[in-house]
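# Give me coordinates for this.
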Amino acid sequence: MSGLVQYVLVRGDLKATWPLGAIIAQACHACTAVIYQHRNDENVEKYTADMDNMHKCVLEVKNEDQLKTLSEKLKENGIDHKLWVEQPENYATCLAVKPYPKSEVKQFFNKFKLLK
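All right, here's what the predicted structure looks like:
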């Protein structure tokens, strides 16, 4: 693998009311969507060319406000990602960043802990 990582941020507050499988499904939706949206991107092509060695980092944000704030910060800095908005509820549940070299994006995620 070429040092590419895909960051996935999940709302921690959902753990109190959602089944684990439903939370995992949200992350899967976001990952699939961002990979598909950027399927012709050089980093995505490299990342998916070695499927047995993909590197993901699944982190926790506190709530929807923190998730949306992070999404805005990523947009401002030109970091491609997918904010997953669950329907019909119409609220953001997670976001997934397209694969990037870790050194290019880790500063946006250093303050977050692994999802537990």
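
# hey, let's count contacts and neighbours off CA atoms from now on
Noted.

# can you map out the helices along this protein?
Here the chain has its helices, by DSSP state H, at 20-37, 42-49, 64-76, 102-105.

# Minimum distance to His55: which of the ones you listed has it?
helix 42-49 (8.5 Å; Cα to Cα).

# So what does the closest residue to Val105 other than its chain neighbours have for phi and psi?
Nearest non-adjacent residue to Val105, counting by Cα to Cα, 6 or more residues apart in numbering: Ile79, 7.9 Å away. Ile79 adopts backbone torsions of phi -90, psi 110, taken as degrees, to the nearest 10.

# where in this structure is pLDDT low?
1-2 (pLDDT under 70).

# Pick out the residue closest to the middle of it.
Ala96 (1.8 Å; Cα atoms, centre = their mean).

# I'd assumed Leu9 was in contact with it.
Yes. Counting by Cα atoms under 8 Å, Ala96 touches Leu9, with 6.4 Å between them.
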